[in-house]
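Peer 1: Sequence and computational prediction follow.
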Amino acid sequence: MSTQKLPSPPPNLQAVVFDLDGVIFDSLPANIAFYNHILEHLGREPVAERYAEIIHREAMQGSLEALVGKGEEFERAMAYWRTMDSAPFFKLLRLFPGARETIAALRGRWRTAVATNRTATAHSSLAHFDLLRLFDLVANPDSAGQAKPHPAMMHQVLGHFGLEPDQVVYVGDSTTDEGLCQATGVRLVAFGNPELNAWAHLDDLRDLPGLLGLP
């Protein structure tokens, strides 16, 4: 955990919302392999690693636009993606230490949700690790109509639970998560990224229950 002075637990907390990539999953190797596969299908050099920061935070459309630009190549890439079986890439995903236990502990006290820019594989990747049952809601650009940092995804979460922003904390790791929280007034717990403007910072998910006031 960061050595900075920790804030007091939110007094009226009702729900904890998680980003997926970079918070629950260490997904960078899987994402690089996934996008390189698409690039190779298009006959392009597999250079996804050079765009690691972009493909980590952006939804599918933004990532592919960064990799191949707009126009015919982008349309070919999207068409191929819609036919792909993404399951083989799940074996490259790794849960961060304590992720399962932390989510289970929080769910014993509060509602839990995911808000992720991952699209078609948001549910199936969670199911791969038997985590889907630990969440009341999985929100993504398909369900919300917009990708983070647009506030639509958090508005979907708040509306689903009937909550106000100060009743929710969001655990994220990127500037898109920071923007989402700034746009909606939800407290951000920054995971593994001390550069973010956040209510609190964590380097280990196992510290999250204590931060939020669980014994």
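Peer 2: That came through, no problem. Numbers count the residues shown, from 1 in each chain.
Peer 1: which residues of the protein fall in strands?
Peer 2: 15-18, 25-26, 94-95, 111-115, 137-139, 168-172, 187-191, 200-202 (DSSP state E).
Peer 1: which of those strands sits most buried?
Peer 2: When the strands of the chain are scored by mean count of other CB atoms under 10 Å, the highest mean neighbour count falls to strand 168-172 (a mean of 28). C-betas here are computed from N, CA, C, even on glycine.
Peer 1: returning to what we had before: would CSV of the strands of the chain with mean pLDDT be doable?
Peer 2: Supplementary listing: these in CSV, determined by pLDDT from 0 to 100:
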stretch, mean pLDDT
strand 15-18, 98
strand 25-26, 94
strand 94-95, 96
strand 111-115, 98
strand 137-139, 98
strand 168-172, 98
strand 187-191, 98
strand 200-202, 97
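Peer 1: quick check: mean pLDDT across the longest helix belonging to the chain?
Peer 2: As assigned by DSSP state H, the longest helix anywhere in the chain is helix 28-41. Average pLDDT, helix 28-41: 94.
Peer 1: what's the spacing between that helix and its chain's center?
Peer 2: Relative to its chain's centre, helix 28-41 lies at 18 Å (CA atoms, centre = their mean, to the nearest Å).
Peer 1: Show me where the protein has its helices.
Peer 2: Ranges of helices within the chain are 28-41, 52-57, 60-68, 72-83, 99-107, 122-128, 141-144, 152-161, 175-184, 208-211, based on DSSP H.
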